[in-house]
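# Sequence and predicted model, in that order:
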Amino acid sequence: MFVKKLVEKASLKKPGGNPDALKSDEVNPRLIYHYGIPSGCNLLAYDPIQKILAMSTIDGRIKLFGQDNTQVLLESPEAAPSKFLQFIHTHQILININAKNHIEVWDIDMKSLAHVHVYNEEITSFTVLQRTSYMYVGDSFGNVSVLKFDKETCNITQMKYRIPFQASQGNSTEDLSEAAVMYILPQPAAESKRVLIIYKNGCVTLWSIQDSKPVFTTGGTLILSGNHDTKKVTAACWACPFGSKVVIGYNNGEILMWSVPHSIDSKTELSTDKELSGTQSGPLFKLNLGYKIDKTPIAKLKWVYAEGKASRLYVLGASDFSSANSLQVVIINEQIESRTTKLGIASSEPCVDFEIVSSYIEQNRHKEDCFLVVGKSGHVYLYDDFSIEKYLLQSLSKSPPSLPKEVKVRLPCAESCITVAKFITDNPCMISSADEEYASLSKRIPALFSFEAKQKDGSSSTGFSSFSNFKNIYITGHSNGAINFWDASSPLLIPIVSFNQQNEDDQSLSGVPLTALCYDMEARLLVSGDQSGTVRIFKFKPEPYATESSFLSLQGSSKKGSNIIQSVKLDEDQGYVSVIDMAGPTLLYEKCIASELSTAVVSLQFGMCSLHGFEKSVLVVATKDSSAWALESETGNILNTAAVHPKKPSKALYVRLLDEHGTSGRGSNVSRGGNSFDDGIVKDLLLLCSEKAVYVYSLPHVVQGVKKVCYKKKFNSSTCCWASTCCSDTGLVLVFTNGKIEIRSLPELSLLKATSIRGVALSTSKPNSLPDSSTCASQNGDIIMVNGDQEVFIASALLHREIFRHLDSATQIYNKDLIIPQGIQSDHVIHKEKKKGIFSSMIKGSKPKHELETETESAIESFEELSTLFSVDNFPSESETRENHLTDEDEVELDIDDIDIDGPEEKRKGKTMLPALNKQKLASKFNAFKGKLKEMNVKKEKVQVNEEPRDEKTDSVDQIKKKYGFSLTGDTSAAKMAQNKLSDNINKLKGISLRTAEMQDNAHTFSSMAKEVLRTAENDRRAS
């Protein structure tokens, strides 16, 4: 039996093979474009300069949204969720840290992965020091490291500077299991000088970068809960533009506000706030928002500064805990001590992240900010941030405003769920194509993250006049009975025309979901079938098409009952097949198919078959259980006495008639099963694809009721959910539920190429329910997959296939021409000072305007000094410390000339240091100064003259002469001028001598202090 099957298969192949067969070097299945919100979104980041929004997913994808509807999808090498996602604002760089502690550097201009830095420890916190190329990384052991991004090589290197846990805490007995660094917050207005480190155990340390020591500590044992258990920090953010207040959220639902010194003497690095010097006794304020009652951990905090009293704090509770108001906004200003003004946002589902972004298309003049929220399911919701602010400010008034409305972000093409779709590429009726610029094209559809009214009336937004102007057309049928036509010539789906199906009795909207579509461009016919079994036939008017009444619904063209016209799929499992003459239209016949397992008809095909030496027109019907029946096309009489079906039935997906070369002869882009009309070409094979396998039967045998399998391929590892032929039926495209796409040759079913598209999670339709996704393809192998109302995948099967115009413009999210102002301030400056409230301590330390300008200039200089600071090992290893200590013990006396300025760098552990000291520069200046000093001393010894008192009563003429160097009397003018010059030099020399002495004293002091520190460090080491 096995040998017989091999002989039968070999008999179908010609010796030379099929020269028109699809070859492996001609195909390359790949993702071309992604539109919408990626599924599994869990983390957000925003660049306020470029106005780019980034979304990361749990499977390692990153979606970027720019202005003018630009979008691009990035895929990480590792399919791992992101832990941290942040932009470097002054560069075209996005930093992504995944769960495997891989730090990825993405070039958003080139849309590629530039570098991956593997971090050896568990990363628990990450912060980019904006306006620089440096980043802080905190690990689970409580240590903070500094990383640098090199713009030229796009690599990340680890700097020598570090902040050990013992140095910041000053107590080596702390439990290291709770020592993880949770947040690293550079202090506003002093980002290059100080950084606030918040640990998991609640300890808060303000660290001086220049001095490498903590200047302020609080928290820790001060925040014990009622049962004496230390609360764990889960969220934190600044709540003041000067960095004097920080808000911290904990795992038990508490939210505390702490004071932090912001006015610190630059020389001594000591706090000038008397009440905040050293440590703090307790928190400044406690926010009661109801999270503690439900024991809901605080997941995220974000403070937004606004003029007047509108500064507010956004609070998000953990999504794994049920809470009435997991998302709240509260006013944070000077009146918070008297009352708490808050707004609980009742989101549709628990939220995992949020961000505030600006509108991408600003067609209106006023600024529009959106409060964007990501749900636990991955859906995104929008709120008008201005409405939130307005409600908070006017909530206590006599006429409070309405609550902010929630808007779910949906695809423009999926306001209602897409149940069936068709994709037509390379329009055969296209006469001309309007080559419109992308900038104007993108304004024809609203941005995803905006509140612009979306077109819902079905009218044309592009001035529709003819389908001949569009290269690609995408047709969608929806769950509400609507049919939409879209211009798919570019990656953006531009609406062409839309209409809703009506009931025949009262002309009301049907509202019944569509289940099938068939469109013949040349015949100008559109056939639709819905879930109730109604089939409607629409005929286009001849060219030129009018905008109004573009479709003519033929009366009497609908037939109630479970019937199929041109591969229309019906959900009623009655098994009826109705054939209508389109010229009438009149019903020709109606037959009922009685299949053994399932009578539901999923597809049918008209074709010519050679039977006993004669050509016969047949109608092949496939039912849901993968059974195939043959009917006489003219009369509807059943030809085969028994259906042909596999041994293990599975749900049928696709049926197609092929000739012996695998081609059908006509590649018209019509219904799901291709062209179901008889094209006059004799067919020899029947292609039937199911969820579990694909079969190629001999068509003459099927007509006779005999099962003869020519080719077969079983799917063992995954389930197929969609199939279609391409390239004049020489190739078969298979899409699986796990996102895998296979391209196989026909009729041999040999695998040509395969790929997997990450994020594609399709499912087979469930009985008596609408599908969650929609997939369709053109005859050229262009695939459009719509996942619910959230995202669209557009893929191509051919190697050198260009589907769209403006593809590069649609994915260019980075604006190279954007001018970034120098010295961008990320913090706000309060111009109106208040005298009362919790911000009074902050106002005491505020500085006048001229001092702020001076401080800005010094901040720029401080950023430049960071390169020297971070390049020095501020806490050298134990071996280096021992060597330096032994060297100091051997020295009996230390003179200023004995200081080795160019020698190895020495730092004092935990004490005041000068890491920013440029030793080579100082050495050259000091040597030059010594040379000048010796030269002046020699001159002083050689020239011995008496200094004469100056005449103060000289008349005006003498003063003028003296000013210009002329002699006042007959004395020698040269001697007088030399004497005056020598006198000035002597005075200068005295000042230099005094400064030299002062420098010598400082050097001796520095030397003695260094010895003492080294001795102390050595004693501590021996004691430990």
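Nice, I can see it. These numbers were taken from a predicted model, which means no experiment stands behind them. Numbers count the residues shown, from 1 in each chain.
# Run a quick neighbour tally on the residue nearest to residue 198 when sequence neighbours are not counted.
Leaving aside its sequence neighbours, residue 198 sits nearest to residue 183 (Cβ to Cβ, 6 or more residues apart in numbering; 4.2 Å). C-beta coordinates here come from the backbone N, C-alpha and C atoms, glycine included. Neighbours of residue 183 under the rule other Cβ atoms under 10 Å: 24.
# and residue 183, backbone torsions?
Dihedral pair for residue 183: phi -140, psi 140, per degrees, to the nearest 10.
# Distance of it relative to residue 444?
44 Å (Cβ to Cβ, to the nearest Å).
# what do you get for residue 345?
Distance of residue 345 to residue 444, given as Cβ to Cβ: 32 Å.
# Compare these two (neighbour count), which wins?
residue 345 (21 against 15).
# For that one, give its distance to residue 731.
With Cβ to Cβ as the criterion, residue 345 and residue 731 are 51 Å apart.
# Then residue 159?
Distance from residue 159 to residue 731, by Cβ to Cβ: 54 Å.
# between the two, which one's more packed in?
residue 731 (24 against 18).
# which one is that one nearest to, not counting chain neighbours?
Sequence neighbours aside, residue 22 is the residue nearest to residue 731 in space, at 4.2 Å (criterion: Cβ to Cβ, 6+ apart).
# wouldn't the one you found be in contact with residue 730 here?
Yes. At 4.3 Å, residue 22 and residue 730 qualify as touching, with contact defined as Cβ atoms under 8 Å.
# Comparing these two, which residue is more hemmed in?
For residue 22 versus residue 730, the count of surrounding residues by other Cβ under 10 Å is larger for residue 22: 25 against 22.
# Mind jotting down where the helices sit in the stretch 401-550 of the chain?
Secondary structure of the stretch 401-550 of the chain (DSSP state H, counting those that start in this stretch): helices at 438-442.
# okay, and for it, where does confidence drop off?
428-436, 452-466, 504-508, 542-550 (pLDDT under 70).
# quick one: the helices in the chain?
2-11, 165-169, 291-294, 385-394, 438-442, 699-703, 807-810, 840-844, 849-870, 878-890, 919-942, 956-963, 973-1023 (DSSP state H).
# what about residue 753, neighbour count?
By other Cβ under 10 Å, neighbour count at residue 753 equals 18.
# What of residue 390?
Count around residue 390 with other Cβ under 10 Å applied: 16.
# Starting from residue 220, give me the distance back to it.
Separation of residue 390 from residue 220 (Cβ to Cβ) stands at 40 Å.
# Residue 535 now?
Here residue 535 is placed at a distance of 74 Å from residue 220 (Cβ to Cβ).
# and these two? which has more neighbours close in?
For residue 535 versus residue 220, neighbours defined as other Cβ under 10 Å are more numerous around residue 535 (24 against 19).
# Am I right that the more buried one is in contact with residue 528?
Yes. Shown here, residue 535 and residue 528 form a contact pair, counting by Cβ under 8 Å, at 7.2 Å.
# Buried ones in stretch 134-151, by neighbour count?
Buried residues in stretch 134-151, counted by 16 or more other Cβ atoms under 10 Å: 134-140, 142-149.
# right, and the pair among those with maximum separation?
By the measure Cβ to Cβ, 142 and 149 form the most distant pair in the buried residues of stretch 134-151, at 24.2 Å.
# contacting residues for residue 652?
Residue 652 makes contact with 602-603, 622-627, 688-690, according to Cβ atoms under 8 Å, 6 or more residues apart in numbering.
# Near the nearest residue to it once chain neighbours are set aside, how many other residues are there?
Counting by Cβ to Cβ, 6+ apart, residue 652 lies nearest to residue 626, which is 4.4 Å off, once chain neighbours are set aside. Residues near residue 626, counting by other Cβ under 10 Å, number 28.
# Much appreciated, bye for now.
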